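>>> Fold the following.
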Amino acid sequence: MVLSQARLRCRLILRKRCQRFRLFSTETSKIRNIGIVAHVDAGKTTVTERILYETGAIRAAGTIKHGNTTTDFLPCEQNRGITVNSAFVQVHFLEHIFNVIDTPGHVDFNFEVERSLRVLDGSLVVIDGTRGVEPQTVTVWKQLERFQVPRLIFLNKLDRERRNVKVCLSSIRETLRTVPVLVNHPVYDESKQLVDVTTISSTHELTELVESLAEVDEEIEDLYFSHECDATKISSGEISKSIRKQHQIGRVTPVCVGSGLTGVGIRSSLEYMIQFLPSPLQTLSKLPPILRDKVCGVVFKSSLDPNRGVLCQSRLYSGTLKPRSKLFNIRTNTSAQVSNLFQVDADRVKLQDSCEVGGITMMAGCKDFRTGDVFVCQSLKSQFHNIDELIQSNRTLKSTMNHSKPLFFCSVEATDSISNDRLEKVLSDMMFEDPTLTLERRDSGELVMGGPGRLYLSVALERIKDERGISCKAYKFRVNYMETVSQQIEHVHTGPLGELHLTMSPADSGKVVTVKNVCPKTREVVEPAIDSALTIGPLLGLQLSECLITAKFNLIPPEHSKFPTKEEKKDLNLMVKTAIRDIFRNNLSVMTLCEPIAEIEVEGPQEYSSSIIADFSLRAESLEYQTLFSDEGNWFTLKGCAPLSKLTDFSSQIGRISRGMASVLKIETVKYGPMELDSCREIVKMFEEGKL
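Got it, this is the predicted structure:
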């Protein structure tokens, strides 16, 4: 009887909660398209789960530990406890719609984050309150700046012992180059447990807030001095107005606090998102006038469904989209008809009658649409060239997404011959969905898969097994080696059109090609020919990097004004390719390999520092050590650089040495460096023997 009454009470509470936060208006001004971004393990998914619970979208909040969170629905995410796939959910709060995208935090899945950020109107940057700003926080912050996405910071995990709000604010100011404005503060009970958050009210806190604003707002500075530096005499309305104004122009960033695990501060952060982050109307105002009353949107994620075909998750910037709407793709210059629209909710979808301005939907029927494509209504097809120019000059619509070249490769094959025939098709489908994955079939029949990191490749293989039922084994893991020259080399090639003086020398970063003594039309021919010839090096057929190439032409003056003709273009191409082939063949002894070099950062308790330094020293080229003193004990930070090939087991080794207490905060490739001669010979030999 008691149990039945308890269940009834729970149902009544849940019903009241859902009624309280039911959506009363669908005005565009009451929509917020928000991305949750952070460094790995800062608590993004936990915060997202609490947002779902506090708004009545779910009955109980799941946890990473139990693998039952709403947005981490893939088996590999639940097993590993990390997010690898951006997930979309929608919640209702205080008559507003929140379209929330929970993004990955690991650097290997950077492109998954980037394509989601492009279509956001605002973001919640989650920072671990015990660590402050971490390396991936800086990466996503720069991405948000590039896409001009407004930010609100949430200091998470303030229920932990090593929390430190002041240190976090200092790291935000120094590392993210913004003025943090604390808009609320944590409340602790006598046992130092986090119980609530409250608005800034004490004299000391108000003074700090006003002085932060006075750094960037002259009006607040004048008010502050006119009241004889008494912050309590400045009204809350004037302070809020200043924060909004300075936040809109990017001078300050509001910071709210709480704990995603306990839910403290989550409702408050939602209120600040309504107050400080923009609606889709502000994005609409940035579009070219011709597009503001027509259908215009961007595909930010395309996928293949065995039953529905190509599915395109899209953000609608203007107009109203419905099933059977005819759309025009600006990239392909082709038309398509939307067969169906779907509302996405994590791993579930349902049919949608229409999508309004600012909405996020999934379209079916647009088989030629890909990630990053801009589409408009069919009626604008006749103005294609004008629309294309407008889009290329518009920062909201212009595609600026970047994805890095693969850093790790491995050979892959199915465990049984029947599945082996399906494997290449499955990997091709995955490449369609994620362009950071590469695939190559070698002459030996070997299938080689490439990606931005070893974790990325491991997750890809795990997803093939979980989602397609194909068990695979991976072998020959290697980093992305490139070829270069160890000293300056020169070569002169003579052809029917004249001479080409070719010089190659080592460089510190990248590949730089300089072409001299040619007209613009000839340059358009020879530069692509040089780039093409440098993609295949003489040692292992790998791309050249870390070198300076100077191509100086002494061409015979042409007898006509149409130089270069079609035949002369062929001769120029042949001249370039032959010269580069000859300089390689004549200087094979000075060719060498270069490998990716990564920056590393490790943090942990002082007691494990000597063991970790010993392991680190065997791998690192440089080393920097720092001891951090705090009330909870002494911690150390270790920074350095090491070849990426020596770091394949680094994270797991650090975990074993420190019994899980130390963390690898950063492994980020920053450059390529030449290999030692003996190491180079060993790698070449392993390639020739088929071991890599």
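>>> So which residues of the stretch 1-150 of the chain form strands?
With DSSP state E, counting those that start in this stretch as the criterion, the stretch 1-150 of the chain has strands at 31-38, 87-93, 96-102, 122-128.
>>> tell me the angle of the last one relative to strand 31-38?
With axes from the mean of the first three to the mean of the last three Cα atoms, to 10 degrees as the basis, strand 122-128 and strand 31-38 are set at 30 degrees to each other.
>>> List the buried residues in stretch 676-691.
With burial defined by 16 or more other Cβ atoms under 10 Å, the residues of stretch 676-691 counted as buried are 680, 683-684, 687. All C-beta spots, glycine's among them, are computed from the backbone N, C-alpha and C.
>>> For the longest helix along the chain, which outside residues touch it?
If you go by DSSP state H, the chain has its longest helix at helix 566-586. Contacting residues not belonging to helix 566-586 are listed as 489-491, 493, 495-497, 500, 502, 504, 522, 525-526, 529-530, 532-534, 537-538, 551, 558, 564, 591 [Cβ atoms under 8 Å, 6 or more residues apart in numbering].
>>> Buried among these? Need that as a selection in ChimeraX.
To isolate the buried ones among the contacts of helix 566-586 in ChimeraX, judged by 16+ other Cβ under 10 Å, type:
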select :489,491,493,495,497,500,502,504,522,525,526,529,530,533,534,537,538,551,564,591
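>>> Of the contacts of helix 566-586, which belong to helices?
Checking the contacts of helix 566-586 against DSSP H, those in helices are 522, 525-526, 529-530, 532-533.
>>> Dump stretch 600-608 to PDB, restricted to CA.
Taking Å, rounded to 0.1, in the frame of the first residue of the first chain, the C-alpha atoms of stretch 600-608 are listed here in PDB:
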ATOM      1  CA  ILE A 600      52.000  16.100 -24.400                       C
ATOM      2  CA  GLU A 601      50.600  17.300 -21.000                       C
ATOM      3  CA  VAL A 602      50.200  15.100 -17.900                       C
ATOM      4  CA  GLU A 603      48.800  15.900 -14.500                       C
ATOM      5  CA  GLY A 604      48.800  13.800 -11.400                       C
ATOM      6  CA  PRO A 605      49.600  13.500  -7.600                       C
ATOM      7  CA  GLN A 606      53.200  14.300  -6.700                       C
ATOM      8  CA  GLU A 607      53.900  10.800  -5.300                       C
ATOM      9  CA  TYR A 608      53.700   9.300  -8.800                       C
END
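>>> just how off-centre is that stretch within its chain?
Chain-centre distance of stretch 600-608: 26 Å, with Cα atoms, centre = their mean, to the nearest Å.
>>> Give the buried residues for that stretch.
600-604, 608.
>>> Ok, stretch 554-567 next?
For stretch 554-567, by 16+ other Cβ under 10 Å, it's 555, 563-564.
>>> low pLDDT regions in the stretch 1-150 of the chain?
Applying pLDDT under 70 to the stretch 1-150 of the chain flags the ranges 1-26.
>>> the helices in it, which residues?
Along the stretch 1-150 of the chain, the stretches classed as helices by DSSP state H, counting those that start in this stretch are 2-20, 44-54, 75-80, 110-117, 135-146.
>>> and the shortest one, what does it pack onto?
On a contact count with 3 or more Cβ pairs under 8 Å, 6 or more residues apart in numbering; DSSP states H and E, helix 75-80 meets helix 454-468.
>>> still on that earlier bit, quick one: which of the buried residues of stretch 554-567 is nearest I464?
Nearest to I464 among the buried residues of stretch 554-567: P564, at 48.4 Å, using Cβ to Cβ.
>>> dump the residue contacts of the closest one.
P564 neighbours (Cβ under 8 Å, 6+ apart): 521-522, 525, 558, 572.
>>> State the distance from it to P288.
According to Cβ to Cβ, to the nearest Å, P564 stands 39 Å off from P288.
>>> where are the low-confidence patches of the stretch 301-450 of the chain?
Within the stretch 301-450 of the chain, the ranges that satisfy pLDDT under 70 run 400.
>>> ok so, going back, just the ones in helices from the buried residues of stretch 600-608, please.
Among these, no member is found in helices (DSSP H).
>>> Just those residues: which are in strands?
Residues of the buried residues of stretch 600-608 located in strands (DSSP state E): 600-604.
>>> so can I have CSV of these showing pLDDT?
What follows is those, written out as CSV (pLDDT from 0 to 100):
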residue, pLDDT
I600, 87
E601, 86
V602, 86
E603, 83
G604, 83
